[in-house]
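1. need a structure here:
(2 chains)
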Amino acid sequence: MHRGFRAFLPAAALLVAFAPSAQAQAPAIPRQGIVCTNGTTFDLTATPGYIETPDGNSVLMWSYAPTGGQFQSPGPVLCVNQGDSVTVHLHNALTEPVSMVFPGQLGVGGSGTAGLLADEAPAGGDATYTFTASQPGTYIYESGSDPSKQIEMGLYGALIVRPAGHPDYAYDAATRFDPQREYLVLLSDIDPDLHHAVETGGAYDFNQLHNRYFAINGRQFPDTLQDNGVSWLPGQPYGSLLRVKPYNATSNPLPALIRMANVGTVNHPFHPHGNHIKEVAQDGRALRTPGGGDASSEHFAATIGSGQTEDYLFSWKDQDSWNPGSNPFPASVASPDYRNLTFKNGNTWSSGSAYLGSKGTLPVGTVSQNICGEWYFPWHSHALNEFTNYDAGFGGMATLLRVDPPGGCMAPAGTASILAGTLNSGTATDLAAADTAYYKVNSTTTGTRTADWYGGFAGVPGGSTGLAVTYTGRNSIAALPTTLWMWKWSTSTWVQMGAATGIGTSDVTVTRTPPSPESGFIGTGANSGKVRVRVLTTGTTGNFVTQGNLLKLTYDAP
Amino acid sequence: MRRTLVLILIAAGLTLPASPASAANVSIDLCASAGTLTLPGPVTANIWGYALAGSGGSCAGVTPSVPGPVLSVDQGDAVSIVVHNTLTTPVSLEVPGLALGQGAGVSAPAGGTATATFTASAPGTYLYQGTERQLPMGLYGALVVRPPAAGQAYGSATTAYDREALLVLSAIDPAFNAAPATADLYHYAPKFWLINGKAYPDTDPVHGVAPGTKVLLRYLNAGFDNTSMRLLGAYERVLARDARPLANPFDATAETIPAGGTEDAVVTIPASGTRFPLYNRQLHQTMLTFIQVP
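-> Prediction:
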């Protein structure tokens, strides 16, 4: 518990007294990606709270928190639709006048006490702002009162206006994006000494500004990688891990949308690794030629000015499609060794393999954060003092781009166990690839003959989705009905996946998915991450041999 | 002098477009002199500034200003600027973006003169300035080169405007200015952030606009740092940077003008709103002014 928490109980009491609005709705929070607070009427309270930094510090912040809700920094991402009449009620739980300005919105009206840049809510009082969200785009909102103190203290957030009828456009058809891959990258910077001055009532001199913490969506690296809403960062609900799959003209044609905003005090040179990013707009206006054509531009270093927003479309393209089976590195070329991408203390994001979707061997003592051969690219401020937490690197204004394998994560069966029948030859290793090596099971030898066995998979993260099984195999005699099953841990039963497939004496490939909910098929506790897939072949009164060639599981890891 | 070259720097430099004329020989006499600048507080800072010389190039009794006088010439003019240096240290003059006959610039020795000659070859917004320690002392000003077409910043319909406002951005550290020859630049730390030499609340709003008025903002960053300016309640269409028109003008509410750079943007005053704040978004909040109806 923070030292200062008790001091703010009166503010908390005020929050309770101020009735929360039911009009702004927060949908289910995705693990990654933008977290919208949708609505047309929003109730916010300017209030103090604390954030945690990865180096163990905590810093007093001021923020626009949902009235009646949890303190959060930055303020909620307000998402509205083009044409909406938007109302923002601001309650002030601070001890000095506070206001909100909405750069890029025209004709902002409302009520409050006249202030320098906007109507203000006096200490303990209220103000209201109204405007029509006339143009789509990425905007910020921030304090218009004593900005050198209040914006530094954290009074800012993002405002998203979606095109009418086209939530999958940033602006127009040319800026269509994959709604599952929409990201906010809100850059900010903090001088903890100034915040300490506010906390202790000391002298606040903005001319002494020396930023020490640099954040994306209110968190510093590596906290930026954590999911949205993790319990151990209660005041910093927004992660910024970006995830894409390789571009594919048919299966993955749409780009991700990256809405970048700089609410910090200085310009930030942001550097995305991996591929160029395409700037399509700034300050909520699409970039156009005088004739209305496309004036977007591609960058691998983007300076975003203080107070500015920039929108980027991003498709990650696998230039060479190296693949250990179909397209291996030429023998004359040493396989790139990415094992040295260590982050700290022997932690690496590398899978140990240079192939997307493959895992390899890591040096002894190296711990991999890699799940299934996905690739990671750092996206970070290239002002390297900003790539730190209080001057200790790496940290600060950085996150990772995660490129998932195109088919999702893939795991071969790691074990093979026989339920009915006997082992003929082979091991689970023979199930790893569709090749000339087979895992062979003799059928039972009495009554209706069966061969019944299962492959075991490990390391499937809880929360994985899109589970799919691929089995390739054949039998020693023709057309035997074969069914695939998955073990449901929650009920300790095998669940059949789909109808039987007739499999004869040449290889047949069967793909099956389990029924929802998928969570029951991923082991927990002592069986954490385990999945079992059963292959049941039913014959007649003649003995046979089932020959498994490939048994693999694909899934989307969280 | 063919015509008045000086646009008095009042009302944030709000001026009416000058009537263009054919190319001419233009001679301007400037004094580089020591003076003071009164800032909110009040704080009195030592400055060096340019001033228009009196008759015969006399610097007697002239008062230097920060920024210096606005110089306005026509595209094609053959310009010569004579610097009369009354300081006890050499003073330079350069005009980035315009090719001086003398190369990068000229330097007037203490108590002496130097003449910079150039052709105002391309329209736009330029800084004229001293170098090194002369800059934070205040030796800078705006030079506007006007195209033949009146009311157009760059001689095209898309750069048309009804009114213009010069916004010379800079900062001042009175401690440095108290000892310009010896102050340690490692400790250079401005305390005042200025528009046209003034810190809010002393800045001059841009008055006299109405809905539909196209206000040309000529930003000139004479300060030491890149400066991001925020406009509230309206958009500005960025037309040019460093006196070169952009192929693809764009709309902005937060524009960063690099130190030493200039930028031209047109604000078309929207139908709603009567007061449009324009301020430093890097939170140096004395760099603040307003565009106001009326």
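
2. what's the neighbour count on A:Thr37?
-> 20 (other CB atoms under 10 Å in any protein chain shown). (Glycine included, C-beta is placed from N, CA and C.)

3. Assess the claim that it and A:Leu78 are in contact.
-> Yes. Shown here, A:Thr37 and A:Leu78 form a contact pair, counting by CB atoms under 8 Å, at 5.8 Å.

4. so who does whichever residue of the stretch 51-200 of chain A sits closest to chain B touch?
-> Closest residue of the stretch 51-200 of chain A to chain B, CB to the nearest CB: A:Gly107 (3.2 Å). Counting by CB atoms under 8 Å, 6 or more residues apart in numbering or on different chains, A:Gly107 touches A:Phe131, A:Thr132, B:Gly233, B:Pro270, B:Ala271, B:Ser272, B:Gly273.

5. Point me to the helix or strand that includes it.
-> Using DSSP states H and E, A:Gly107 sits in no helix or strand.

6. What confidence value was assigned to it?
-> Here, the pLDDT recorded for A:Gly107 equals 96.

7. what's the answer for A:Val16, then?
-> 34.

8. now B:Leu7
-> At B:Leu7, pLDDT is 39.

9. What of A:Pro76?
-> According to the prediction, A:Pro76 has pLDDT 98.

10. what's the answer for the one 10 residues further on, then?
-> Model confidence at A:Val86, given as pLDDT, is 98.

11. burial count for the closest residue to chain A within the stretch 1-150 of chain B?
-> At 13.2 Å from chain A, B:Val43 is the closest residue in the stretch 1-150 of chain B, using CB to the nearest CB. A count of nearby residues for B:Val43, using other CB under 10 Å, gives 13.

12. Surely it is in contact with B:Pro174?
-> Yes. The pair B:Val43 / B:Pro174 is scored as a contact, 5.9 Å apart, by CB under 8 Å.

13. Could you tell me which residues touch both of the two?
-> Taking CB under 8 Å, 6+ apart as the contact rule, B:Val43 and B:Pro174 both touch B:Lys191, B:Phe192.

14. Domain-wise, how is chain A divided?
-> A:3-179, A:410-556 (automatic domain parsing).

15. Of those, flag the one that's most buried.
-> domain A:3-179 (a mean of 20; mean count of other CB atoms under 10 Å in any protein chain shown).

16. Could you list which residues are in contact with the residue of the stretch 1-150 of chain B closest to chain A?
-> B:Val43 neighbours (CB under 8 Å, 6+ apart): B:Pro174, B:Lys191, B:Phe192.

17. ok, 6 Å please
-> Contact analysis of B:Val43 by CB atoms under 6 Å, 6 or more residues apart in numbering or on different chains lists B:Pro174.

18. wait, A:Cys372 sits on A:Cys409?
-> Yes. If you go by CB atoms under 6 Å, A:Cys372 and A:Cys409 touch, sitting 3.2 Å apart.

19. so which of the domains of chain A comes closest to B:Leu143?
-> domain A:3-179 (31.1 Å; CB to CB).

20. B:Met229: what's it in contact with?
-> Contacts of B:Met229 (CB under 6 Å, 6+ apart): B:Glu255.

21. What's opposite it in the beta bridge?
-> Counting by DSSP bridges, B:Met229 is bridged to B:Glu255, B:Asn280.

22. And it, what's its pLDDT?
-> 98.

23. same thing with B:Pro249?
-> Reading off the model, B:Pro249 has pLDDT 98.

24. again, but for the one 3 residues further on
-> Per-residue confidence (pLDDT) for B:Ala252: 98.

25. next one: A:Lys344
-> Predicted confidence (pLDDT) for A:Lys344: 69.

26. Give me the nearest residue to A:Trp487, chain neighbours excluded.
-> Spatial nearest neighbour of A:Trp487, excluding adjacent residues (CB to CB, 6 or more residues apart in numbering or on different chains): A:Arg532 at 3.8 Å.

27. For the helix or strand hosting the one you found, which strands pair with it and how are they oriented?
-> According to DSSP H and E, A:Arg532 maps onto strand A:531-538. For strand A:531-538, the paired strands and their directions (DSSP bridges) are strand A:450-457 (antiparallel), strand A:480-488 (antiparallel).

28. could I get these as CSV with distance to A:Leu313 and mean pLDDT?
-> Putting the strands paired with strand A:531-538 into CSV (distance: least, CB to CB, whole Å; pLDDT from 0 to 100) gives the following:
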stretch, distance to A:Leu313, mean pLDDT
strand A:450-457, 36, 97
strand A:480-488, 38, 97
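
29. Show me the one of the ones you listed that comes nearest B:Thr131.
-> Nearest of the strands paired with strand A:531-538 (CB to CB): strand A:450-457, 70.0 Å.

30. Distance from the chain centre to the closest one, please.
-> Relative to the centre of its chain, strand A:450-457 is centred 35 Å away, using CA atoms, centre = their mean, to the nearest Å.

31. continuing past that strand, what's the next helix or strand?
-> Immediately after strand A:450-457, counting by DSSP H and E, sits strand A:465-475.

32. Show me what that following strand packs onto, helices and strands only.
-> strand A:508-512, strand A:545-556 (3 or more CB pairs under 6 Å, 6 or more residues apart in numbering or on different chains; DSSP states H and E).

33. Of these, which is nearest chain B?
-> The nearest among the helices and strands packed on strand A:465-475, by CB to the nearest CB, is strand A:545-556 at 37.8 Å.

34. in its sheet, what does the closest one sit against?
-> Counting by DSSP bridges, strand A:545-556 is paired with strand A:409-412 (antiparallel), strand A:439-442 (antiparallel), strand A:465-475 (antiparallel).

35. what angle do it and strand A:508-512 make?
-> 40 degrees (axes from the mean of the first three to the mean of the last three CA atoms, to 10 degrees).

36. before we move on, the earlier item: please report the distance of the residue of the stretch 1-150 of chain B closest to chain A from B:Ala199.
-> Remark: distance between B:Val43 and B:Ala199 (CB to CB, to the nearest Å) = 9 Å.

37. Then A:Ala383?
-> 28 Å.

38. Comparing the two, which shows the higher neighbour count?
-> The neighbour comparison of A:Ala383 against B:Ala199 (other CB under 10 Å) goes to B:Ala199, with 23 against 20.

39. Quick check: that one touching B:Leu39?
-> Yes. Using CB under 6 Å, B:Ala199 is in contact with B:Leu39, at 5.4 Å.

40. between these two, what contacts are shared?
-> Contacts common to B:Ala199 and B:Leu39, judged by CB under 6 Å, 6+ apart, are B:Phe192.

41. list residues touching both of A:Cys372 and A:Cys409?
-> A:Ala557.

42. still on that earlier bit, just put the domains of chain A in TSV and tack on distance to B:Thr213.
-> Below are the domains of chain A laid out as TSV (distance: least, CB to CB, whole Å):
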stretch	distance to B:Thr213
domain A:3-179	15
domain A:410-556	55
